[in-house]
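A.B. asks: Provide a 3D model corresponding to the input given below.
(one chain, ligands or ions: 1)
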Amino acid sequence: MPVNTADPRFVQLSFANSSVTIFYFGATVTSWTVDGHERLFLSSKALLDSSKAIRGGIPLVFPHFGSVSYSKLPQHGFARNSTWKFLGAVKDSSDEVVVQFELRPELVPEHLRALWQHDFRLVYTVRLADRTLTTSLRAENPGSESFLFTSLLHTYLRIANVDDVAVRGFENRQYLDKVTPGTFTETRSEAKIAMEVDRVYQQVDGEVLVENTHIGDVRIHKTNFPDVVLWNPWIEKAQAMADFGDEEYKNMVCVEVGSVSTPIVLEAGQSWEGQQILVV
Ligand code: BG6
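C.D. replies: So this is what the prediction gives:
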């Protein structure tokens with residue numbers, strides 16, 4: 001069955017030699033396998049009982065990335081902490097299988113909803129095709145006033161060993177460094193990870209290539225997501241996270257496409273859509 005809803009917590013899609021699992025909580029993609037190999041990282045300590053955002057896979061960040069002065073919402077907003085409505089399969093063909101999820105204000109937990117009172121509708125589309133996973137987030141403003149937002153797909157990629165990973169596509173791009181605060185220009189053609197990394201690369205216009213020895217490379221294409229966050233918590237931050245194993249920083253890197261440097265103004269009646277395509 002290409003779309004399996006047997007488990008009340010998630011939907012599973014299968015297509016050719018690939019499969020994907022999407023929890024209704026956060027509309028979080030938690031698994032993407034190709035030829036039997038898992039390509040996303042999900043922490044062994046991730047909580048999957050809707051009590052906390054899922055640590056791994058592709059959590060959705062909306063209506064803002066990080067913590068911002070103009071909102072009292074917790075870091076990364078409420079989309080990853082809300083149970084989305086499954087809209088069902090919109091396509092099941094010989095090329096791909098496509099499902100959609102929706103988030104509206106009434107689905108957001110009340111204590112979070114109280115902190116961001118704009119009217120909105122989000123539609124998340126997940127398309128599984130041959131060796132390709134496409135995820136698109138559309139934000140609509142059905143209200144009568146504009147609102148500001150930032151958004152991001154917080155993708156955790158599974159890697160065999162952090163020492164072997166290299167991320168290409170950032171050369172000459174400006175980045176905001178959250179570890180050594182400041183704005184810098186990337187001089188390297190390949191970013192390696194040998195310490196805590198938490199950077200927002202700006203105006204990344206081409207492909208981002210994650211060279212992933214032993215597991216296989218991942219190519220990332222994107223539309224309407226000008227920024228890319230590169231994050232690895234390294235040793236101390238890994239130890240400080242209750243839902244992350246102490247050694248797991250060796251097996252993941254987050255490469256997160258987003259529109260976060262400059263908030264988007266969504267006028268009444270308008271919509272916006274951002275898309276990521278992962279290819280292996
Ligand atoms: C990244 C941020 O996107 O998410 C980091 O750049 C942050 O600063 C990380 O630590 C994880 O955030 P959280 O809220 O899931 O622990």
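A.B. asks: Could you report the separation of His76 from Ser146?
C.D. replies: According to C-beta to C-beta, to the nearest Å, His76 stands 22 Å off from Ser146. (Each C-beta comes from the backbone N, C-alpha and C, glycine too.)
A.B. asks: Neighbour count: the two, which is higher?
C.D. replies: When His76 and Ser146 are compared for neighbours, His76 comes out ahead with 22 against 13, by other C-beta atoms under 10 Å.
A.B. asks: wouldn't that one be in contact with Gly66 here?
C.D. replies: Yes. Contact criterion C-beta atoms under 8 Å: His76 and Gly66 qualify, at 6.8 Å.
A.B. asks: Quickly list what's touching both of those two.
C.D. replies: With contacts taken as C-beta atoms under 8 Å, 6 or more residues apart in numbering, His76 and Gly66 have no neighbour in common.
A.B. asks: what's the residue of the stretch 1-150 of the chain found nearest the ligand sitting at in phi/psi?
C.D. replies: The nearest approach of the stretch 1-150 of the chain to the ligand comes at Gln75, 4.5 Å away (C-beta to the nearest ligand atom). Backbone dihedrals for Gln75, given as degrees, to the nearest 10, come out at phi -40, psi 130.
A.B. asks: Could you report the neighbour count for it?
C.D. replies: There are 12 residues near Gln75, going by other C-beta under 10 Å.
A.B. asks: ditto for Gln202
C.D. replies: By other C-beta under 10 Å, the residues close to Gln202 number 17.
A.B. asks: Check the one 4 residues further on too.
C.D. replies: One way to gauge burial is a neighbour count; for Gly206, by other C-beta under 10 Å, it gives 12.
A.B. asks: nearest residue to it other than its sequence neighbours?
C.D. replies: Gly169 (5.8 Å; C-beta to C-beta, 6 or more residues apart in numbering).
A.B. asks: Wait, the one you found touches Gln203, no?
C.D. replies: No. Under the contact definition of C-beta under 8 Å, Gly169 does not touch Gln203, with a separation of 11.6 Å.
A.B. asks: Comparing those two, which residue is more hemmed in?
C.D. replies: Gly169 (21 against 11).
A.B. asks: about what we covered before: residues touching the residue of the stretch 1-150 of the chain closest to the ligand, list them.
C.D. replies: Listed by C-beta under 8 Å, 6+ apart, the contact partners of Gln75 are 66-67.
A.B. asks: how close does it sit to Phe86?
C.D. replies: In terms of C-beta to C-beta, Gln75 sits 26 Å off from Phe86.
A.B. asks: Glu38 is in contact with Trp32, correct?
C.D. replies: Yes. Between Trp32 and Glu38 a contact is recorded at 7.3 Å, counting by C-beta under 8 Å.
A.B. asks: In terms of neighbours, single out the busier of the two.
C.D. replies: Neighbours were counted for Trp32 and for Glu38 using other C-beta under 10 Å; Trp32 has more, 28 against 13.
A.B. asks: you'd agree the more buried one is in a strand?
C.D. replies: Yes. Under DSSP: H, G, I helix; E, B strand; the rest coil, Trp32 sits within a strand.
A.B. asks: For it, name its beta-bridge partners.
C.D. replies: Taking DSSP bridges as the rule, Trp32 bridges to Val20.
A.B. asks: In contact with it, which residues?
C.D. replies: Trp32 makes contact with 18-20, 38-40, 133, 278 under the criterion C-beta under 8 Å, 6+ apart.
A.B. asks: Tell me which two of those residues sit farthest apart.
C.D. replies: By the measure C-beta to C-beta, Ser19 and Leu278 form the most distant pair in those, at 14.0 Å.
A.B. asks: Looking at the two, which one has more neighbours?
C.D. replies: Leu278 (26 against 18).
A.B. asks: who does that one bridge with?
C.D. replies: Leu133, Ile220.
A.B. asks: so it touches Arg158, yeah?
C.D. replies: No. Using C-beta under 8 Å, Leu278 makes no contact with Arg158, being 11.9 Å away.
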